[in-house]
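Visitor: Below: sequence and its predicted model.
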Amino acid sequence: GAGVSQTPSNKVTEKGKYVELRCDPISGHTALYWYRQSLGQGPEFLIYFQGTGAADDSGLPNDRFFAVRPEGSVSTLKIQRTERGDSAVYLCASSLTEALWNTGELFFGEGSRLTVL
Amino acid sequence: AQKVTQAQTEISVVEKEDVTLDCVYETRDTTYYLFWYKQPPSGELVFLIRRNSFDEQNEISGRYSWNFQKSTSSFNFTITASQVVDSAVYFCALSVSTGGFKTIFGAGTRLFVKA
C-alpha cells in the first residue's frame, strides 16, 4: 500500500516475554520515527532514524527497548522482558527529509496495540 | 529542552460554534517547526499544518485557521463553524534543529462537537 504499514495491529503477550513490532514506511521516506502512546496521552518520542542510523534514541525508556533499521527501510522495535507498564499503542511514522534534516510532516501508521498481561 | 503544552484537556461545543485550541511551546532554538495533527476516533494521526519559525503569517484553510505568535510562543488553532466530524483529539507538535529535528508532541486536546 501507499501508507505506513505496521504489524501486528494487536499483540497480547505475557509479562517477561519478548516482542517485535514491525514498521514498513512509505517508499522513499528516509526518516522513520517510533512513538508510544498511552491512553489519553500524546505520542511519546522513542527513537528517530535517518536512513539506517539512529539519529536520536534518547526516548527509549531503558535497555529493554531496542530498534533497528538495517537497510534504511523497514524498522523493527524490539522489547525484551516485557512489563505490564509497556502496554500502549506503538506508533510508527515516516517522513521525507528536506535539506539535511527531516523537517516535514509525519505520516503515521495505524499503530500496534501491545497488551502485556 | 523542548516542550509543548496544550492546557485544554477537553473542550465540548455545539455544532456551528467556533472553537480555539491553545498551544504554547518552549525552545531555545531559533529554527524550528510547529505542527498540528488530528487523531480521529479511528486512531490514525493526520497532519493538518506545518509552520516554520521564520514565517509568522497566519494561515486559513477552509474552516481552519492558525495564529502563530512568537512573542507569546503560541500556535493556536481555530475551527470556525464546527461540525460533528471535527470531533477528535488534536495535537500540537514541535520540531527543532537540536537533535536533528525530532518531533515532540503535546498531550492533546479532545474536542467534542455535539449536534
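Guide: Nice, thanks for sending it over. This one's a predicted model, so the numbers in the text were calculated from it and none came from an experiment.
Visitor: quick one: low-confidence ranges for chain A?
Guide: Chain A contains residues with pLDDT under 70 at A:1, A:98-103.
Visitor: OK, contacts around the residue nearest the centre of it?
Guide: Centroid check for chain A by Cα atoms, centre = their mean gives A:Trp34 as the closest residue, at 2.8 Å. By Cβ atoms under 8 Å, 6 or more residues apart in numbering or on different chains, the contact set of A:Trp34 is A:23, A:46-48, A:67, A:75, A:77, A:90-92. Glycine gets a C-beta too; all of them are placed from N, C-alpha and C.
Visitor: if you skip the residues just before and after it, what's nearest to B:Cys92?
Guide: Leaving out its chain neighbours, the residue that sits closest to B:Cys92 by Cβ to Cβ, 6 or more residues apart in numbering or on different chains is B:Cys23, at 3.4 Å.
Visitor: Got the confidence number for that neighbour?
Guide: Predicted confidence (pLDDT) for B:Cys23: 98.
Visitor: Would you confirm that it contacts B:Thr78?
Guide: No - the pair B:Cys23 and B:Thr78 does not pass the contact test of Cβ atoms under 8 Å, sitting 11.4 Å apart.
Visitor: These two - which one has more neighbours?
Guide: B:Cys23 (27 against 16; other Cβ atoms under 10 Å in any protein chain shown).
Visitor: Return the residues in contact with the more buried one.
Guide: So B:Cys23 contacts B:4-6, B:34, B:36, B:74-77, B:92, B:106 (Cβ under 8 Å, 6+ apart).
Visitor: By neighbour count, which of those wins?
Guide: Going by other Cβ under 10 Å, B:Cys92 tops the contacts of B:Cys23 with 28 neighbours.
Visitor: Just checking: what are the partner strands of the helix or strand that contains it?
Guide: When elements are assigned from DSSP states H and E, B:Cys92 belongs to strand B:88-96. Using DSSP bridges, strand B:88-96 pairs in its sheet with strand B:32-39 (antiparallel), strand B:103-105 (antiparallel), strand B:109-114 (antiparallel).
Visitor: Relative to B:Tyr25, how far out is the residue nearest to B:Glu26 when sequence neighbours are not counted?
Guide: The spatially closest residue to B:Glu26, leaving aside those adjacent along the chain, is B:Lys3, at 4.3 Å (Cβ to Cβ, 6+ apart). Plainly put, B:Lys3 is 7 Å away from B:Tyr25 if you go by Cβ to Cβ, to the nearest Å.
Visitor: So if I had to pick from these two, which one is more boxed in?
Guide: Higher neighbour count among B:Lys3 and B:Tyr25: B:Tyr25, with 22 against 12, using other Cβ under 10 Å.
Visitor: ok, now which ones touch the more buried one?
Guide: B:2-5, B:32, B:34, B:73-75, B:92, B:94.
Visitor: what's the following helix or strand after the worst-scoring helix or strand of chain B on mean pLDDT?
Guide: When the helices and strands of chain B are compared on mean pLDDT, DSSP states H and E, strand B:59-61 comes out lowest with a mean of 87. Once strand B:59-61 ends, the next helix or strand along the chain (criterion: DSSP H and E) is strand B:64-69.
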